[in-house]
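Enquirer: Quick one, fold the following:
(chains A and B)
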There are 2 protein chains.
Amino acid sequence: MTTVDNGVNVQALLEAREVLKGAPEAAQFTWRANSKWENGVHSTTSVQKFFGLGQEQAHKSEAVFSADHPEVFAAADQGITPIEYLLVGLAGCLTAGVASVAQNRGIQLRSVEATVEGNHDIRGILGADSDVRNGFNDVKVIFNIDADATKEEIEALVAQSQKRSAVFDALTNPTDVTVEVR
Amino acid sequence: MTTVDNGVNVQALLEAREVLKGAPEAAQFTWRANSKWENGVHSTTSVQKFFGLGQEQAHKSEAVFSADHPEVFAAADQGITPIEYLLVGLAGCLTAGVASVAQNRGIQLRSVEATVEGNHDIRGILGADSDVRNGFNDVKVIFNIDADATKEEIEALVAQSQKRSAVFDALTNPTDVTVEVR
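Expert: Okay, the predicted model is just below:
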């Protein structure tokens, strides 16, 4: 008898997997963000509505995020830099995966912490060297996990989370991004 | 005589470009995020410190972000989903680029709004179909820009922003991401 409770409703996810196998159109989600330029390189972006399961959906509340550049880039630092949002997404995605996989495997988690670091040669975005890419050179994630499990079981949790992570895939593999002006 | 003011200190950026051409080590930045699992698939991630210009740096204040899954995924919806943070970063990065390039070209902006949409077949992350990728199928950005410029000049601003965007590059090209357990 297991009393493992990481707060993840794995049963609902396993059922959704079975249902969506036979209803691929319901599995088509569209996530949305709406941004507004404030001043300088400062912008605010709001997120609430999305589409999925065949209809319009919404988060319980609207979330608003500020992006800016730091003072060392001669900007006002009214928010984190846009590229740091990628690290926030990566940390959240891999952590959600660890909790879900742990629940599915009957492993009780006590704490999960991660440090994410993105190395970035800013000569690319400044146009100082055309051989330097604009994005991260590389990204490193380090997990510290306390759980009722062996080191090997914890490493397997993290490996499985990585294998099913939406954000890990989005960063490690190319995605087609089209940009239009209306 | 130009009175264009988009709030971007382009002179400082052009000077930084020249300085960093001769000091590539100062151009090596490391952006960081620290995450903590809360419960279920809900986590919080904080961002403040980073490294650059050869030393430790910090944003003026610490920013904390919640990530969760929505109620349609049987979760508590305590924050936006991790993958939505990628759209926030993309919107912020392209908008910052538009403002910077406009300043450099002497174009006064009045408003810049963008809608970003990421299409996502969730059968990948659910493990319902191994041929479906985990990340976005594709992403579309639509800009609405009001500026003292022709349609062609505005389109050229957006094209140049895209060409120098850190986040656009990070999403459209692969990055090496390593994940470790301590």
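Enquirer: Show residues contacting stretch A:45-54.
Expert: The contact list for stretch A:45-54, computed with CB atoms under 8 Å, 6 or more residues apart in numbering or on different chains, reads A:25-26, A:28-36, A:56-59, A:61-65, A:67, B:70, B:72, B:80, B:84, B:87-88, B:91-92, B:122. Placement of C-beta: from N, CA and C, glycine included.
Enquirer: For the buried ones among those residues, write the corresponding ChimeraX selection.
Expert: Once 16 or more other CB atoms under 10 Å in any protein chain shown is used to decide burial, the buried members of the contacts of stretch A:45-54 can be selected in ChimeraX as follows:
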select /A:26,28,29,30,31,32,33,34,35,36,57,59,63,65,67 /B:70,72,80,84,87,88,91,92,122
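Enquirer: So which of the contacts of stretch A:45-54 sit within strands?
Expert: Helix and strand membership here follows DSSP state E; of the contacts of stretch A:45-54, those in strands are A:28-36, A:56-59, A:61-65, A:67.
Enquirer: Please, where are all the helices along chain A?
Expert: In chain A, the segments counted as helices under DSSP state H are A:10-21, A:82-104, A:123-126, A:151-163, A:166-172.
Enquirer: Most tightly packed of the ones you listed?
Expert: With neighbours taken as mean count of other CB atoms under 10 Å in any protein chain shown, the helices of chain A reach their highest mean count in helix A:82-104, at a mean of 28.
Enquirer: mind checking how far it is from the chain centre?
Expert: Here the centre of mass of C-alpha atoms in helix A:82-104, compared against the chain's by CA atoms, centre = their mean, to the nearest Å, lies 5 Å away.
Enquirer: relative to helix A:151-163, how tilted is that helix?
Expert: Between helix A:82-104 and helix A:151-163, the angle formed by their directions is 130 degrees, by axes from the mean of the first three to the mean of the last three CA atoms, to 10 degrees.
Enquirer: and the angle from helix A:82-104 to strand A:55-67?
Expert: 130 degrees.
Enquirer: Residue ranges in chain A under the pLDDT threshold?
Expert: A:1-2 (pLDDT under 70).
Enquirer: domains in it, as residue ranges please.
Expert: Per automatic domain parsing, the structural domains of chain A span A:1-29+A:81-182, A:32-80.
Enquirer: Endpoints of the shortest one, how far apart?
Expert: Using CA to CA, to the nearest Å, one end of domain A:32-80 lies 20 Å from the other.
Enquirer: circling back to that earlier point, B:Ala16 is nearest to which of the domains of chain A?
Expert: Using CB to CB as the measure, domain A:1-29+A:81-182 is the one of these that comes nearest B:Ala16, at 6.2 Å.
Enquirer: circling back to that earlier point, how about the helices of chain A in a markdown table, adding distance to B:Asp131?
Expert: Formatted as a markdown table, the entries for the helices of chain A read as follows, by distance: least, CB to CB, whole Å:
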| stretch | distance to B:Asp131 |
| --- | --- |
| helix A:10-21 | 12 |
| helix A:82-104 | 20 |
| helix A:123-126 | 34 |
| helix A:151-163 | 15 |
| helix A:166-172 | 14 |
